[in-house]
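> 3D model of this:
(chains A, B and C)
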Amino acid sequence: MRHVLPIAGPLDLELTLSCGQAFRWVRDGEAWTGVIGRSECRVSVAGERLAVTAAGGDPGSADLARYFRLEEDPAVHLEHAAELRGLPGLMPLLGLRLLRQDPWETLASFVCSAAANVRKISGCVEGMAAAWGVPIEGSPRRAFPGPDVLAGVSETALRRHGLGFRAPLLLATARRIAAGGWEWERLRRAPIEEARAALTDLPGVGPKIADCTLLFGLDRLDTYPVDRWIRRATLELAGRRHAKDEELERWSRRFGPGRGYLQQLLFHLRRTGGPLPALRSPRVRRVRAGAA
DNA sequence: TCCTCTCCTTGCTT
DNA sequence: AAAGCAAGGAGAG
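Residues are numbered from 1 along each chain as shown, chains lettered A, B, ... in the order given. Next comes the predicted model:
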């Protein structure tokens, strides 16, 4: 099945699919191939449109547009962050799009992200899919297994796919969710603190992984996951030497309800570039606490 | 209660 | 070759 879809605003597949939000996309020349739900998709940009060829079940044009957020110009997420438009190197990154991924796959992927790198996370996710996922007709790849499936495997089996110390954590989380009473749809709309609390109650899920799940899997752009890169970037922007992650998250709220998108841009910017300039003038910077 | 430190796997890099 | 590093979290003290 083939789809050709209109795109609102810029779309940079390289940035979008390799920036560390999704882990099952691989480059294939000018195109990219990945798994969305129960189908394998090969996508490429042709002029102002996105061309998608799907194997297995057809995702449908509506779900594809939704996945790639094609109806939204990413620039709208920066409406409340005008002060950052002058940040060197930021504007060329606006082809990066936050994907709307499956929340369970997002959660499981980021449980694997602790003390790992993108390559390692991809290996874990792809390994679990190959071992326990539903086959995709016309493709060697498989869908990502649901929590009910992972709940039935052994810790040892998970370790064979490189999960290491994360294996018992993901297993426990899969079992918790498979046991029932878990409502992803409720978390999409719940107050952000309530949604965070529900997620951080799961084994292997702290604030950072909870926020990534909300941002990448539950369409909650009003989150600002603080990892080691964002910690540095935000400290620099705020002109601070030290601050707790929670404090940095609060500071980020000045960037509005789309700050999750900004977080993703800053993650890429700080990782590929150097330190960021402070937004506040040094003259207004707070003096050290305790200075007499 | 809150903070800090350490450990936990793995594989690639220096 | 040994140490460092990579989208952190849990547990101890």
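
> got a pLDDT number for the residue in chain A that DNA strand B sits nearest to?
Nearest residue of chain A to DNA strand B (CB to the nearest atom of the strand) works out as A:G164 at 2.5 Å. From N, CA and C alone the C-beta is placed, and that goes for glycine too. Per-residue confidence for A:G164 comes out at a pLDDT of 97.

> now do the SS call for the closest residue to A:E236 other than its chain neighbours.
Sequence neighbours aside, A:L276 is the residue nearest to A:E236 in space, at 4.3 Å (criterion: CB to CB, 6 or more residues apart in numbering). Judged by DSSP: H, G, I helix; E, B strand; the rest coil, the three-state class of A:L276 is coil.

> measure A:L276 to A:Y261 for me?
From A:L276 across to A:Y261, the span is 17 Å (CB to CB, to the nearest Å).

> and the two? which has more neighbours close in?
A:Y261 (25 against 21; other CB atoms under 10 Å).

> Provide a list of residues in contact with A:R142.
A:V35, A:A129, A:A130, A:W132, A:G133, A:V134, A:P135, A:I136 (CB atoms under 8 Å, 6 or more residues apart in numbering).

> cool, and A:L187?
A:L187 sits in contact with A:P103, A:A195, A:A198, A:L199, A:L214, A:L218, where contact means CB under 8 Å, 6+ apart.

> which parts of the helix or strand where it lies are buried?
For A:L187, the element it lies in under DSSP states H and E is helix A:184-189. Across helix A:184-189, burial judged by 16 or more other CB atoms under 10 Å covers A:L187.

> just the CA coordinates for it, please, in PDB.
The C-alpha coordinates for helix A:184-189 follow below in PDB (Å, rounded to 0.1, in the frame of the first residue of the first chain):
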ATOM      1  CA  TRP A 184      -3.200   4.900  28.600                       C
ATOM      2  CA  GLU A 185      -6.000   7.000  27.400                       C
ATOM      3  CA  ARG A 186      -6.600   8.400  30.800                       C
ATOM      4  CA  LEU A 187      -2.900   9.500  31.000                       C
ATOM      5  CA  ARG A 188      -3.300  11.500  27.800                       C
ATOM      6  CA  ARG A 189      -5.700  13.900  29.500                       C
END
